[in-house]
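# Coordinates only, no sequence provided:
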């Protein structure tokens, strides 16, 4: 891979991606007189902006004759993506069996983004996610049994059962949380990146590889949120080691991205703040990985943030409570035909990186891991009642617990006089 770094594009016209791949053609359903008018996507190509292409606006280089990844790398990518898919499929089963409560948002179809980015990170690097966070946690190394137990609301979960589906957190793995409200995690990620730069430049504590990097994941709906713009400005102003990763699955709950934003090309918002803005096919893990590597490397070198728009698609509804009736069947089938796991499997076999039997072995091992995670979660105990208000107030025992360890509200005299107050 060339060592050229991304350039903050000042060009209005996008240019070709370094890998030579074109952006997948946007999906346009057949016209219908009954459908309201909507603004169509621009017809121009929307691809990565990279310095080796910007030089003279030359055509993108031809694809390399050698595979883009080694056998070991390819199998690692495949295993991580299969884990994410199988885990989420199992979550759907458990949700409908009443083992999980509240809203559960699945990641099916978007695995190339999580795997393509997170598997390039080091242990000290941070990940900040959204409410669709299970697979981000798995990619960062949080054990499947810990994530499943959290979804079951059990004490053995990565948040001791207090976080649930939308709030995965793991200090040992530097997963700084899923966040239920859109845009809520971006300031946290920006703060983590600032802390990394402070450790590196002031405390001289960073690793020999350079700065610790933070990935901030969020969706297309968040790209119209004020916190997003504030943090882009702050990150570029201070050259923070952060990559803003837009998982543009084209729908914000039930609102089409095309209808909700004045300019659907989210990557353009990066150059507006002076940072590189990159578009990549989010259904192709190898393309995502190539862009991710360059963005992460430049952040680690202290060259500042990058905004990467990964155009992807979720194969299920917004959540498991969503009947998914707003998206057209032909749109869904169009993207289902570009399944990132199927595509990677085909690439591995065609490039003779592994045999079908090798991939079947991985799939069987992952099935066993997911089954064990369910058994572990189901057998785990519920959190004790005494844990209910821990980590809410400064008192480590929780507000409202008396010296005897019992809840004060259970004392009949506890509420005396409150009516007068």
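Nice, thanks for sending it over. Keep in mind that this is a model prediction, so the values were computed, not measured.
# How far away from the center of its chain is the one helix or strand residue 357 maps to?
Counting by DSSP states H and E, the element that carries residue 357 is helix 356-379. Distance of helix 356-379 from the chain centroid (C-alpha atoms, centre = their mean, to the nearest Å) equals 22 Å.
# what sits up against it?
75, 78-79, 82-83, 86-87, 90, 94, 99, 143-145, 147-149, 151-152, 154, 156-157, 345, 348-349 (C-beta atoms under 8 Å, 6 or more residues apart in numbering). From N, CA and C alone the C-beta is placed, and that goes for glycine too.
# and those residues, which are buried?
75, 78-79, 82-83, 86-87, 90, 94, 99, 143-145, 147-149, 151-152, 154, 156-157, 345, 348 (16 or more other C-beta atoms under 10 Å).
# Now intersect those residues with the helices, please.
Counting by DSSP state H, the part of these found in helices is 75, 78-79, 82-83, 86-87, 90, 94, 144-145, 147-149, 151, 345, 348.
# quick one on the thing from earlier: let me see the mean pLDDT of the helix holding residue 357.
Mean pLDDT, helix 356-379: 98.
# Give me the buried stretch members for that helix, please.
Within helix 356-379, the residues that qualify as buried by neighbour count (16+ other C-beta under 10 Å) are 358-359, 362-363, 366, 369-370, 373-374, 376-377.
# okay if I get the residues you listed as TSV plus distance to residue 305?
Listed next are the buried residues of helix 356-379 as TSV, based on distance: C-beta to C-beta, whole Å:
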residue	distance to residue 305
358	38
359	36
362	34
363	37
366	34
369	35
370	35
373	35
374	39
376	38
377	37
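# out of the residues you listed, who's nearest residue 312?
Nearest to residue 312 among the buried residues of helix 356-379: residue 366, at 21.1 Å, using C-beta to C-beta.
# quick check, residue 341 in a helix?
Yes. Membership of residue 341 in a helix is supported by DSSP: H, G, I helix; E, B strand; the rest coil.
# wait, what's in contact with residue 111?
Counting by C-beta under 8 Å, 6+ apart, residue 111 has contacts 80-81, 84-85, 135, 285, 340-341.
# any idea how far residue 129 is from it?
According to C-beta to C-beta, to the nearest Å, residue 111 stands 14 Å off from residue 129.
# Can you tell me the element residue 218 falls in?
Counting by DSSP H and E, residue 218 is part of strand 214-219.
# Output the contacting helices and strands for that strand.
Under the contact criterion of 3 or more C-beta pairs under 8 Å, 6 or more residues apart in numbering; DSSP states H and E, strand 214-219 touches helix 111-118, strand 126-128, helix 185-201, strand 242-248.
# again, 7 Å this time
strand 126-128, helix 185-201, strand 242-248 (3 or more C-beta pairs under 7 Å, 6 or more residues apart in numbering; DSSP states H and E).
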